[in-house]
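**Q** Have a look at this fold, sequence not included:
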């Protein structure tokens, strides 16, 4: 929502589970979010910074699925929608196929063809040029796209959703479209309709929306009584400083506010009208 303000959100197929306000997507911020949620069998993530480390520590038994749409987008970002080079065209086509793989056989065949592509174009991607007096890879963007896909293949997170141990009771999602379309898009609409709010007021708007979409939201009267007030925040900051989140910061509302990650010199930095 701002250069140094993000809200991390986790959801199930039907409800918002938890959310967390932080300065950036860091391992510690993700751990604060994940630690409040029971470990699932599988989690779908977009590859945000710090998430993998946090999941490994907080949910060691949970299998990770890298959102295939985000994986495709990372390749498209490097090759563009209309690559000029044959290597880029083939890599773009392979990445696009990720959106349509439905069986383990198709997944194995995709990996085999991807490895063949890597081998066939290996020498081509090693070509170098001299730019401003220094040697650089001629096809650096395609190399970056290849590196991203290779990491995902090596980690085994592209086709977790096809694991027979997970699909015994029904299909698993390959993308995080649920949170992108059902939550993030809705939040963007809310903030767009209320343009002009300060960054922290936008954060509070996000908190409200998330709370209203949990499985069992309380009444507005109960919510207002339990919602941390400006006085609560000011008292906690004055009394506990950077340790406030460890010694009793309000958690009833579920917002996971990290007091030591938001530094303001002005009085009542979280004030609302």
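**A** Good, I have the coordinates. Just so we're clear, the structure is a prediction, and the values are computed from it rather than from any experiment. Numbering: from 1, shown residues only.

**Q** use CA for all of it now, contacts and neighbours both
**A** Noted.

**Q** Tell me where this structure has helices.
**A** With DSSP state H, the ranges of helices along the chain come out as 27-34, 51-58, 68-79, 86-97, 104-120, 140-155, 164-167, 177-179, 185-193, 199-212, 220-226, 230-240.

**Q** Mean pLDDT and distance to residue 41 for these - can I get that in CSV?
**A** What follows is the helices of the chain, written out as CSV (pLDDT from 0 to 100; distance: least, C-alpha to C-alpha, whole Å):
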stretch, mean pLDDT, distance to residue 41
helix 27-34, 91, 13
helix 51-58, 93, 12
helix 68-79, 96, 18
helix 86-97, 97, 26
helix 104-120, 97, 19
helix 140-155, 96, 17
helix 164-167, 94, 7
helix 177-179, 87, 17
helix 185-193, 92, 26
helix 199-212, 83, 23
helix 220-226, 79, 31
helix 230-240, 53, 36
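
**Q** Which of the ones you listed sits closest to residue 130?
**A** With C-alpha to C-alpha as the measure, helix 140-155 is the member of the helices of the chain nearest residue 130 (12.7 Å).

**Q** and the closest one with helix 86-97, angle?
**A** For helix 140-155 against helix 86-97, the angle between stretch directions is 40 degrees (axes from the mean of the first three to the mean of the last three C-alpha atoms, to 10 degrees).

**Q** Output the contacting helices and strands for helix 140-155.
**A** Packing contacts for helix 140-155, counted by 3 or more C-alpha pairs under 8 Å, 6 or more residues apart in numbering; DSSP states H and E, involve helix 68-79, helix 86-97.

**Q** quick one: buried residues of the last one?
**A** Looking back up the chat, that one is helix 86-97. By neighbour count on 16 or more other C-alpha atoms under 10 Å, the buried set for helix 86-97 is 87-89, 91-92, 94-96.

**Q** which one of these is nearest residue 181?
**A** Looking across the buried residues of helix 86-97 and measuring by C-alpha to C-alpha, the closest to residue 181 is residue 96, at 19.9 Å.

**Q** if we can go back for a sec, in TSV, list the helices of the chain along with distance to residue 8.
**A** Below are the helices of the chain laid out as TSV (distance: least, C-alpha to C-alpha, whole Å):
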stretch	distance to residue 8
helix 27-34	7
helix 51-58	10
helix 68-79	17
helix 86-97	27
helix 104-120	30
helix 140-155	22
helix 164-167	25
helix 177-179	11
helix 185-193	12
helix 199-212	10
helix 220-226	21
helix 230-240	20
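
**Q** between those, which gets nearest to residue 4?
**A** When the helices of the chain are compared (using C-alpha to C-alpha), the closest one is helix 199-212, at 9.6 Å.

**Q** Please look at residue 82 and residue 89 and confirm they touch.
**A** Yes: contact criterion C-alpha atoms under 8 Å: residue 82 and residue 89 qualify, at 7.3 Å.

**Q** closest one to residue 19 among the helices of the chain?
**A** helix 27-34 (6.3 Å).

**Q** quick one, the closest one and helix 51-58 angle?
**A** In terms of direction (the same axes, to 10 degrees), helix 27-34 departs from helix 51-58 by 60 degrees.

**Q** So which elements touch helix 27-34?
**A** By 3+ C-alpha pairs under 8 Å, 6+ apart, helix 27-34 packs against strand 6-11, strand 16-22, helix 51-58.
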